[in-house]
Structure formats: C-alpha cells, structure tokens
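Colleague: Any chance you can model this:
(2 chains)
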2 protein chains.
Amino acid sequence: MKLRDIGEDELIGRIVALAPRDPAPGAGPGDDCAVVDAGTDRLLLLKTDALVEHVHFLPDADPQAVGWKAAARVVSDFAAMGGRPERFLITLALPADTQVAWVEALYQGIGRCLTEFGALLAGGETSSVPDGSAMVISVAATGSVDRNGIVRRSGAKAGDVLFVTGLLGGSLRGRHLAFTPRVREAEWLAAHFQPTAMMDLSDGVAKDLPRMAAASGCGYELNRDAIPVSEGCSVDEALGDGEDFELLFAIAPSQVANLENAWRAEFPEVRLTMIGRMMDEGTGMSLVGGWDHFGA
Amino acid sequence: MKLRDIGEDELIGRIVALAPRDPAPGAGPGDDCAVVDAGTDRLLLLKTDALVEHVHFLPDADPQAVGWKAAARVVSDFAAMGGRPERFLITLALPADTQVAWVEALYQGIGRCLTEFGALLAGGETSSVPDGSAMVISVAATGSVDRNGIVRRSGAKAGDVLFVTGLLGGSLRGRHLAFTPRVREAEWLAAHFQPTAMMDLSDGVAKDLPRMAAASGCGYELNRDAIPVSEGCSVDEALGDGEDFELLFAIAPSQVANLENAWRAEFPEVRLTMIGRMMDEGTGMSLVGGWDHFGA
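Modeller: Take a look at the predicted model:
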C-alpha cells in the first residue's frame, strides 16, 4: 500500500500513534500548532511546515516571494490559534548547483516576513540533495498565545455560525506567494469575540471545514452561494484550490451582529463572510475535494 | 556562483545576516542549538536538522534505523550543550509512491529514540515530492538546559586540553544509523567538570574542531597518533568521515587527572581520549577535510 492510496489525513492518524506524546488534553497533534503549557501566562506554540519545489512553488518563481511564503505559512498557523510567531528555524535541502544568489534572495523574503511580524531567526540547517531532486524548504517555529485567548479547532458547537475572511480560490494565479497572514485579525477576534473554533485555510474549505467539524464533534452546512470567490474563480475552485491562508472560524449566533459591525469598523478593507453553520454530528452535508498531498 | 563553489559555512555566514536575530549574546546561530533565555532556571534550546535520501541514508536502509538516526542526531545536539531533548516536530517530504509500511517503520524508529531519551512528539507535517526526488526527513525540536550547566562552543582558552568520547571514523559501515547520543555523558560532564567548550562531531574532527576553535577565538594542536580510530579505519577516515556523534570538548589542564579517573569509574565502557589542546589564535596547525554538504 502506497501513500497515494491512503492520503494525508489517514497517514497522520497512523503515524502519530507510533511515538510518545504529551498526555495533556489539547496538546496536539491535530490542531494548527502544538501547544505546550509550562504554567506561565502565555502558552508555547510549536509548528513545522515545508515548501517543496514543483509542489508549492515552481522553479522560476521569485525566490524572495518563495521565502516570504515559507515563513508566512507558519505565521498563519500561529494566527489561526490567536497567537504570535517568535523564533524560526529554517532547514534548506538544495542541490549543490543552486545559485547562491537564489538562496540569498530566499532568505531576504524570509527576513522580510519575520521583520513584518516581529519574529526572529534562531537557527537553521543546510543539506545537499542529489542533482535533479526537488528543493525542500522546511520551517519550524515557536510562538505564543495568551492562555485565555487561545482558539482551537475543537470548540465549536451545533448552531455556531461559520465565517471566512477575505476571498477564496485562485491561489495558483500568484496570491499563494504574496498573501498576508491574518495575525492582527485573529488576535483581535480572539480578544473581542472568542470564536469557538478557528483555523487557517491551507488546503481549501472543502478539506479544512470537515477537519474543523470533526475536531469539534459537529456536522456542518455550507451555503455555496455565499462563498466569497476571488475574481475569475468558480465556487468549486474557491472551495478546493487551497492555499488561501484566510481564517475560517465559528462563533456563537448571539455574537454575529456585534461581530459584523465591529469588524467593519476595525478592518474595513477585509471582507468577512458568513458561509454556513455547525450542525449536530452526523447531520448536515459532506464536502469532497480540497488539496491532498498524496492524491487520495 | 553556485553552492558547491562556496561550501556550507560560507553560505550560512551569508544568509544569517539577511534575517532579524536575537541580539542577546550567545543566542545563536553558531552553536549546536539556538538558546532562548526566558528568565527561568532552564534555558530553552531549539534545533533543526534533516536527513536526505542518498545523502544521509540509502534507499535500502532499514527505515526504523533511519527514524532512529533522524531523531538521535537532534538529541545529540542537545547533549552537545549539556541539555536534554523535549518536544519534536517531524516534517516528511516523500514521493506519493512511498510504501505506507516504510513510513510507519520510520516513525517506530523515531518513537523508540524519543522514548529512550524522555522526549515527546509534538507535531509534524507531510508533503509530497515529485516522483524521483529524494525523500527529506526534517526534524525540529525544543530542549532545555540548566542555566548554570550550559556548555557552548565558544568558551575554550589557549592551553585547554581537548578530549573526544568513543571511537571515530567508519560511520558509513553502519554506525551512522545506530549510534547512541551522549546525553548522559554530556550532562555528567557539565555537572561535574564544566568543559570550557563542547560540541558533537557531526562532520568529523577535521571540520568540527576548527569550528570550535574559531568560535572560541583559539588555534589548536592535534596529536594524530592519539586519535581513537574505529576498527579498520585510517586516521584520515577517523578525522574526515563525519557522523561520529561523539563529544568533542575542551577542559582546563588542572582538571585532566580528576576527569580521567572519574570518567573511568562512571563510564567504564566508553573510551575517553586526549587528542590535543587549544592554542593562541593564529598558532597551532590547520586541518583540512571533513564533510561539506556542498562539496566546497
């Protein structure tokens, strides 16, 4: 049996059982970041992610934009829990015939993203890969979140209303290299409206909403006509393209009117759209599609 | 200009200047781990490392041993500073035609290493790579070290005596997949003898001793006849093969006799060998060779 036969989610389910884990509830795996509670006011967040040439970027992509994307994807995961990024470790696996100028431009993009979000480069590692192998840029980072402000994927209840920020779909036309992680918006949401569940959209609503619903023990109902699509995209593309890096969150129905008013005042330039609601487990609809790394 | 024209150390020197860093002295990069001082009794250590197929392991290697090695290399870096490993993040970049059983065996090896050294799996990420590309296993981890027990690469002084643990060379004949990181030995050394500098030998004495000397602002003198070689190895192989994962450390001359006696009583099964000494900067000898990822 090969990876393409079982897909990413089943693979993860199989392998995490094979290593010792933190027995604390909510420590992860299963959320946007792992959470470490050392008893202090802020919880430690840990995240790792990778960009692979031909999969996440093409060989002729602007290396500064690739560097920005590599760091910003991880920043987005901290945002998804209401947190902030802190220290980054960068691992580069590159062919020995890679241009030095390409790697320097990559790091300029990484540096620009860290500076923008107040994070620091803590270390890294470089290795060669055989000529002809895809480049891999692996990013690991620490972050932190206020103990009272953390938002997980698992807290939504039936009846909670689902929102997304921004516009969805069409990431491959360039936006996947130039998005801005929703750190400010997420921190503001966590501080003022305590979403019951939140995540960032990395694999598309079609893949990510079922994950959030499953983590919360809910079903869901989606209003396809409400999906905020990027210019030139179909609804299916908006649901399935992935790499939107917008926020998907659930909130109690009683908060909806206040949220919409306050959001317009705080973030007039960022669309906020109600796209559906959580249902009892086993009810609602099913979504298919979204990005799966192993094609299952 | 390509990576193979400048080599790993020059590349690192160029790129770390391109991103914001912790201004605290000794925070890294430049040591075995990055060090974060949050004001508590124990300092936070951060490390990332990667295994690449064809570079660090061959396609027919036992996947459990590959998993052990992936985790143990990082454990060894925490040991090198007198610290302990804590939380691990594993990023896998694999072709979609990889066997699921291979990945499960890999994780069993990772799990065995984490269990052995009291560490936990905190999270991970999986991505496909194009068919035919080398597999990349990237490991990032947190660890910690007692504020008063930390040993850096940079504290050695001219006259300090250089020791290595174990036997060197011949890693490719199998030991590189089955070594035991010197966590116990390093913690004992840090607690009882305060080495002035320490690191783990990942690229070979020929590459790593000059790094430790440079970090300490010293020259060095090596007694080639004293190098403890693995069975069947030449001295050049012992100095240059890399992947020994033994400890290299410097200690004040006044401590040498006590150290040798106490070591024999504590670790009768592990060889400890005096191989040279630190000198004033600009004096002593030069070493060439050792493992460079980009072949410079």
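Colleague: Mind pulling up the pLDDT for A:Asp9?
Modeller: Note on A:Asp9: pLDDT of 82.
Colleague: Which secondary structure element is home to it?
Modeller: Counting by DSSP states H and E, the element that carries A:Asp9 is helix A:3-15.
Colleague: Which positions in that helix come out as buried?
Modeller: For helix A:3-15, a neighbour-count test (16 or more other Cβ atoms under 10 Å in any protein chain shown) marks A:Leu3, A:Arg4, A:Ile6, A:Glu8, A:Asp9, A:Leu11, A:Ile12, A:Ile15 as buried. Just so you know, the C-beta spots here come from the backbone N, C-alpha and C atoms, and that holds for glycine as well.
Colleague: I'd like the residues you listed as JSON lines, with distance to chain B appended.
Modeller: Shown next, in JSON lines, are those (distance: Cβ to the nearest Cβ, whole Å):
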{"residue": "A:Leu3", "distance to chain B": "5"}
{"residue": "A:Arg4", "distance to chain B": "4"}
{"residue": "A:Ile6", "distance to chain B": "6"}
{"residue": "A:Glu8", "distance to chain B": "6"}
{"residue": "A:Asp9", "distance to chain B": "10"}
{"residue": "A:Leu11", "distance to chain B": "6"}
{"residue": "A:Ile12", "distance to chain B": "7"}
{"residue": "A:Ile15", "distance to chain B": "4"}
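Colleague: any idea how far A:Trp68 is from chain B?
Modeller: According to Cβ to the nearest Cβ, to the nearest Å, A:Trp68 stands 12 Å off from chain B.
Colleague: So for that residue, what's the nearest residue that isn't a sequence neighbour?
Modeller: A:Gly109 (4.1 Å; Cβ to Cβ, 6 or more residues apart in numbering or on different chains).
Colleague: which parts of the stretch 101-250 of chain A sit against chain B?
Modeller: By Cβ under 8 Å from any Cβ of the partner chain, the residues of the stretch 101-250 of chain A that approach chain B are A:101, A:103-104, A:107-108, A:110-111, A:114-115, A:119-130, A:132-134, A:136, A:138, A:140, A:142.
Colleague: Buried only: go through those for me.
Modeller: Buried subset of those (neighbour count, 16+ other Cβ under 10 Å): A:103-104, A:107-108, A:110-111, A:114, A:119-129, A:133-134, A:136, A:138, A:140, A:142.
Colleague: so where is chain A shaky, pLDDT-wise?
Modeller: A:28-29, A:292-296 (pLDDT under 70).
Colleague: list the contacts for A:Gly284?
Modeller: For A:Gly284, the contacting residues are A:Ala213, A:Cys218, A:Gly219, A:Tyr220, A:Glu221, by Cβ atoms under 8 Å, 6 or more residues apart in numbering or on different chains.
Colleague: Please report the distance of the closest residue to the second one other than its chain neighbours from A:Ala105.
Modeller: Taking Cβ to Cβ, 6+ apart, and ignoring the residues beside it in sequence, A:Cys218 has A:Met278 as its nearest neighbour in space, at 4.3 Å. Shown here: A:Met278 relative to A:Ala105, a distance of 43 Å by Cβ to Cβ, to the nearest Å.
Colleague: who's more crowded, these two?
Modeller: Using other Cβ atoms under 10 Å in any protein chain shown, the more surrounded residue of A:Met278 and A:Ala105 is A:Met278, with 25 against 18.
Colleague: those helices in the stretch 151-296 of chain A, which residues are they?
Modeller: Counting by DSSP state H, counting those that start in this stretch, the stretch 151-296 of chain A has helices at residues A:183-193, A:205-216, A:235-240, A:256-266.
Colleague: rewinding a little: and the residue nearest to A:Cys218, how far from chain B?
Modeller: Note on A:Met278: its distance to chain B, by Cβ to the nearest Cβ, is 25 Å.
Colleague: burial measure for the residue nearest to A:Gly242 when sequence neighbours are not counted, as a count.
Modeller: In space, A:Gly242 comes closest to A:Trp291 once its chain neighbours are excluded; the distance is 3.6 Å by Cβ to Cβ, 6+ apart. Neighbour count for A:Trp291, taken as other Cβ under 10 Å: 17.
Colleague: hang on, A:Trp291 packs against A:Asp241?
Modeller: Yes - under the criterion of Cβ atoms under 8 Å, A:Trp291 makes contact with A:Asp241 at 7.5 Å.
Colleague: who are the neighbours in contact with A:Ala191?
Modeller: For A:Ala191, the contacting residues are A:Gly82, A:Gly149, by Cβ under 8 Å, 6+ apart.
Colleague: how much space between it and A:Cys33?
Modeller: Taking Cβ to Cβ, one finds A:Ala191 at 18 Å from A:Cys33.
Colleague: Test my guess that the residue nearest to A:Cys218 contacts A:Ala215.
Modeller: No - between A:Met278 and A:Ala215 there is no contact under Cβ under 8 Å: 11.3 Å.
Colleague: And the helix or strand A:Gly123 falls within, how far out from the chain middle?
Modeller: If you go by DSSP H and E, A:Gly123 is part of strand A:120-129. Centroid separation for strand A:120-129 versus its chain: 22 Å, with Cα atoms, centre = their mean, to the nearest Å.
Colleague: relative to helix B:3-15, how tilted is it?
Modeller: 170 degrees (axes from the mean of the first three to the mean of the last three Cα atoms, to 10 degrees).
Colleague: What's the end-to-end length of stretch A:279-291?
Modeller: Using Cα to Cα, to the nearest Å, the span of stretch A:279-291 from its first residue to its last is 24 Å.
Colleague: residues contacting A:Ser254?
Modeller: Listed by Cβ under 8 Å, 6+ apart, A:Ser254 has no contact partners.
Colleague: any idea how far B:Ala101 is from it?
Modeller: Separation of A:Ser254 from B:Ala101 (Cβ to Cβ) stands at 50 Å.
Colleague: hang on, the earlier thing: the strand holding A:Gly123 packs against which elements?
Modeller: If you count contacts as 3 or more Cβ pairs under 8 Å, 6 or more residues apart in numbering or on different chains; DSSP states H and E, strand A:120-129 packs onto strand A:84-95, helix A:100-116, helix B:3-15, strand B:34-36, strand B:42-52.
Colleague: could you redo the ones you listed as CSV and give each row distance to B:Glu237?
Modeller: Shown next, in CSV, are those (distance: least, Cβ to Cβ, whole Å):
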stretch, distance to B:Glu237
strand A:84-95, 26
helix A:100-116, 30
helix B:3-15, 20
strand B:34-36, 32
strand B:42-52, 22
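Colleague: give me the beta-bridge partners of the residue lying closest to A:Gly284 once chain neighbours are set aside?
Modeller: Distances taken as Cβ to Cβ, 6+ apart put A:Gly219 closest to A:Gly284, at 3.4 Å, once the chain neighbours are dropped. When assigned by DSSP bridges, A:Gly219 has beta-bridge partners A:Met279.
Colleague: so A:Gly219 touches A:Met212, yeah?
Modeller: No - counting by Cβ under 8 Å, no contact exists between A:Gly219 and A:Met212, whose distance comes to 11.5 Å.
Colleague: With neighbour numbers in mind, choose between those two.
Modeller: Set A:Gly219 next to A:Met212 and count neighbours by other Cβ under 10 Å: A:Met212 wins out with 25 against 19.
Colleague: what's near enough to touch the more buried one?
Modeller: Counting by Cβ under 8 Å, 6+ apart, A:Met212 touches A:Arg153, A:Ala156, A:Ala197, A:Met199, A:Leu248, A:Ala250.
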